[in-house]
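In: fold the following.
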Amino acid sequence: MNEYSSPKEYYSWTQIELLVKKVASKILSSNKRYDAILGITNGGIIPARLIARELDINHILFIPVRSKKLHKEEMPPLFKNKKYLVVDDIYDAGNTYSVVSSEVERFDCDFAFLVRRFTDNDGEGDDDGEVYVGETLNHKKWIVFPWERG
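Out: Numbering: from 1, shown residues only. Below is the predicted model of the structure:
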């Protein structure tokens, strides 16, 4: 699936704020606390900031993913004694999740996504980290977030 072959669904800022609050509420209910947010570029930059605001976390770092490739040489230093929340806008095919998860598996990381596409076998839950999701989709529409050109 790609943005050219699928019908599009446009999300509003109001929808985004609701999803951010839903994800943050799940995290707050779990009583987990994080030392820093790790936003996956490019889609996770804005959700990382919004979730950080809701969780009152001021330390945000970025995991450099461009054109579906992780640029390891640009990774921020991570520490074993810290707890991280990795944030992205959407869990779709799971490719970015797999690459990033492999890179950060030595550290204490959980994941948060505003939206997750429904799949039968996506590999989620293969590690010890929690995964928080605002909304699960059961359609194949291309999601256009308000910070993207659609």
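In: so Tyr84 sits in a strand?
Out: Yes: residue state for Tyr84 (DSSP: H, G, I helix; E, B strand; the rest coil) corresponds to a strand.
In: quickly list what it is bridged to.
Out: Ala36, Cys109 (DSSP bridges).
In: let me see the contact set for it.
Out: Shown in contact with Tyr84 (Cβ atoms under 8 Å, 6 or more residues apart in numbering): Tyr34, Asp35, Ala36, Ile37, Leu38, Leu78, Val104, Phe107, Asp108, Cys109, Asp110. In this view, the C-beta of every residue, glycine as well, is placed from N, C-alpha and C.
In: residues of whichever helix in the chain runs longest that come out buried?
Out: Criterion DSSP state H: the longest helix present in the chain is helix 13-29. By neighbour count with 16 or more other Cβ atoms under 10 Å, helix 13-29 contains the buried residues Gln15, Ile16, Leu19, Val20, Lys22, Val23, Ala24, Ile27.
In: tell me how far that helix lies from the chain's centre.
Out: 12 Å (Cα atoms, centre = their mean, to the nearest Å).
In: which strands and helices lie in contact with that helix?
Out: helix 45-55, strand 108-117, strand 131-137 (3 or more Cβ pairs under 8 Å, 6 or more residues apart in numbering; DSSP states H and E).
In: could you give the average pLDDT over it?
Out: Mean pLDDT, computed over helix 13-29, is 97.
In: so Tyr34, which state does it fall into?
Out: Here Tyr34 is coil, with the state taken from three-state DSSP.
In: that one against Leu55, yeah?
Out: Yes: taking Cβ atoms under 8 Å as the definition, Tyr34 is a contact partner of Leu55 at 6.9 Å.
In: need the residues touching each of those two.
Out: Leu85.
In: dead centre of this structure: give me the residue that sits there.
Out: Closest residue to the average C-alpha location of the chain: Asp88 at 2.1 Å, with Cα atoms, centre = their mean.
In: which residues touch it?
Out: Taking Cβ under 8 Å, 6+ apart, we find Asp88 in contact with Gly39, Ile40, Gly43, Gly44, Pro47, Thr96, Tyr97, Val100, Phe111, Ala112, Phe113.
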